[in-house]
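In: Sequence first, predicted coordinates after that:
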Amino acid sequence: MDSGRERDVVIVGGGHNGLACAAYLAKSGLDVLVLESRDILGGAAATEETWPGYQVSSASYVVSLMPPRIVDELQLRRFGYKVSIVSPDYFVPFPDGTSLTLWGDERDIENIARFSKHDAEAYQAFDRYFDRVAGLLKDLLFVVPPNISLRDLPQWMATGGKFRDWNGRDAFEMVRLFTMSASDFLDEWFEDDRVKGALATQAIIGAWCGPMTPGSAYVLMHHWIGEIDGHPGAWGWVHGGMGALSWTMAQAAQAAGAQVRTDSRVAQVVVRAGRAVGVELEDGTVIRAKRVVSNAHPQTTYLDLVGESHLPSQVVQDIRRYRTRSGSVKVNFALDALPEFPSWDQPGSPHRGLAAVSPSIEYLEKAWDDAKYGRTSKHPYVELMFPTAHEDGIAPKNKHIMLAFTQYGPYELKRGSWDKERDVWAKRIIDTLGEYAPGLEASVEHVEVLSPKDIEERFGLLGGNIMQGELTPDQMFSFRPIFGYGDYRTPIAGLYLCGGGTHPGGGVMGVPGRNAATVVLKDHKRGVFMDRIRDFMS
């Protein structure tokens with residue numbers, strides 16, 4: 001069955017990058033249709049009623065990496081986009097009853113000095129260092145990565161302009177970040193184990209590695225490039241939950257003329273003579289399109305939606321070895337009271353910030369050691385956020401939501417299964433938090449545990465990897481997701497990728513969607529021009 005008119009672009013997947021891509025293409029005048037398999041939009045950036053009256057950001061839960069440029073260009077505030085800064089940046093309690101709070105301002109120096117005057121002085125230089133490096137990386141966010149070929153030499157020359165502010169030392173430091181462990185890197189700056197533990201939290205978020213793994217220093221850097229309202233490195237709570245962000249993007253796309261459909265699962269990309277000419281839905285409906293853009297995981301797109309028979313053997317080999325492992329487990333709680341932290345020693349409330357169980361690098365590495373051998377961490381990393389401290393109406397009166405991002409729980413367990421491990425993991429997280437927030441267990445009314453397998457099944461993030469693929473040097477920039485196709489194009493003419501499995505990687509940022517839109521629009525204009533030439537010649 002054919003649906004009728006041919007679209008300019010069909011986008012597979014209504015995650016936030018797919019919606020961003022749709023908005024940019026529709027604003028440029030293209031006829032765009034977005035197809036989302038679930039009954040709600042947003043992919044992993046979704047708000048779901050997990051329990052009656054509780055509006056839960058079930059997967060992603062804070063925003064930081066989305067540049068102000070995208071918010072402004074898509075006029076998201078016009079459609080209700082509202083963000084509150086999550087402050088403090090991090091509150092880290094320690095087993096000895098002390099704690100370290102990082103606010104992202106001058107208070108950090110005073111707080112660190114209580115543990116080490118040396119580290120307080122070093123932190124000022126450390127902060128300047130990361131501001132410099134983050135600025136350099138931000139210049140590359142909106143670059144379409146050229147492929148490694150002579151044909152792409154003009155693009156490399158154009159990209160070279162982005163490096164005009166780099167000096168030799170900058171290049172050297174970037175190589176170090178991509179190859180060093182976070183542990184070695186932090187050891188160069190700091191001496192107190194608690195300070196290093198507090199700063200190492202972002203070196204493992206969503207990563208299949210420990211803080212002593214080479215390359216983990218870059219993961220730390222990846223999370224440093226964000227900002228909220230001019231506050232570098234800050235995190236933000238989106239009012240209405242992460243689904244509200246996706247909703248505003250959908251509104252921006254629809255206001256520009258795009259059409260968005262839910263409950264529309266794509267079964268395959270229709271390929272004829274090596275070109276994508278549309279998609280076929282599970283019910284057999286074929287939707288014709290000049291171009292198809294996939295927001296799905298790269299491996300899903302290549303191997304399931306396209307199929308090996310349409311791909312060069314080298315591409316099949318490359319995409320099969322694309323690494324997308326994870327030890328991330330999301331645990332969502334409904335509480336009848338916010339927990340109290342006896343070690344909190346700052347003005348204000350810890351509930352309006354992020355809290356993390358990360359007492360030392362050694363603690364995090366031991367947690368990773370368990371996962372390496374197929375076990376869930378005996379002493380896990382836990383990061384907490386309390387949405388109801390920022391917004392009313394997302395939980396019943398006098399009730400609260402606590403969101404916990406935890407590591408590590410391997411996708412494949414050496415013994416047992418996640419069907420049994422979920423309850424064990426929930427109890428372990430509650431017990432771990434109870435060491436720092438006595439009485440927490442009594443306030444827990446509901447718990448939802450999303451293992452890597454659950455994250456894969458619900459959100460299409462293979463392996464449970466929240467970045468749509470690991471952030472390693474061989475899977476970044478021109479090599480993301482695979483060699484030869486880092487420019488959002490694929491071996492199938494007219495088929496593109498726009499998700500976190502492309503440059504600059506995962507996280508709720510919308511940049512891959514925007515960058516992909518520029519490539520699709522360029523190719524579309526070239527195609528229209530060539531059609532006119534052929535019509536003229538005929």
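Out: Here it is on my side, so go on. Residues are numbered from 1 along each chain as shown.
In: pLDDT at His222, what is it?
Out: Reported pLDDT at His222 in the predicted model: 75.
In: ok, now which ones touch it?
Out: For His222, the contact set (C-beta atoms under 8 Å, 6 or more residues apart in numbering) comprises 471, 505, 507. From N, CA and C alone the C-beta is placed, and that goes for glycine too.
In: Quick check: the gap between the nearest residue to Val511 once chain neighbours are set aside and His222.
Out: Spatially, and ignoring its direct neighbours in sequence, Val511 is nearest to Leu141 (5.3 Å; C-beta to C-beta, 6 or more residues apart in numbering). Look at Leu141 and His222: by C-beta to C-beta, to the nearest Å, they are 11 Å apart.
In: now stretch 105-116, how far from the centre of its chain.
Out: Chain-centre distance of stretch 105-116: 30 Å, with C-alpha atoms, centre = their mean, to the nearest Å.
In: what mean pLDDT does it have?
Out: Mean predicted confidence for stretch 105-116 is 96.
In: how about stretch 336-348: buried residues?
Out: For stretch 336-348, burial by neighbour count (16 or more other C-beta atoms under 10 Å) applies to 338-339, 341, 343-344.
In: tally of neighbours for Trp156?
Out: Applying the criterion other C-beta atoms under 10 Å, we find 15 residues in the vicinity of Trp156.
In: circling back: what about the residue nearest to Val511, neighbour count?
Out: Applying the criterion other C-beta under 10 Å, we find 20 residues in the vicinity of Leu141.
In: closest to Gly241 among the contacts of His222?
Out: For the contacts of His222, the closest approach to Gly241 (C-beta to C-beta) belongs to Gly507, at 16.7 Å.
In: Check the gap between that closest one and Phe130 for me.
Out: As it turns out, when the distance is counted by C-beta to C-beta, Gly507 lies 17 Å from Phe130.
In: and the two? which has more neighbours close in?
Out: Neighbours per residue (other C-beta under 10 Å) separate Gly507 from Phe130, with Gly507 holding more: 24 against 17.
In: Next one: the more buried one from Asp487, what distance?
Out: 20 Å.
In: swap in Gln254?
Out: Looking at Gln254 against Asp487, where the rule is C-beta to C-beta, the gap reads 28 Å.
In: Ile228 too?
Out: Taking C-beta to C-beta as the criterion, Ile228 is separated from Asp487 by 30 Å.
In: Please look at the residue nearest to Val511 and Gly510 and confirm they touch.
Out: No: under the criterion of C-beta atoms under 8 Å, Leu141 makes no contact with Gly510, lying 10.4 Å away.
In: can you list the weak-confidence ranges in the stretch 151-300 of the chain?
Out: Counting by pLDDT under 70, the stretch 151-300 of the chain shows low-confidence ranges at 223.
In: Tell me which stretches of the stretch 351-500 of the chain form helices.
Out: Along the stretch 351-500 of the chain, the segments classed as helices by DSSP state H, counting those that start in this stretch run 361-372, 418-434, 440-443, 452-459.
In: Would you format the ones you listed as TSV with distance to Glu121 and mean pLDDT included?
Out: Formatted as TSV, the entries for these read as follows, by distance: least, C-beta to C-beta, whole Å; pLDDT from 0 to 100:
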stretch	distance to Glu121	mean pLDDT
helix 361-372	20	98
helix 418-434	33	97
helix 440-443	36	97
helix 452-459	41	98
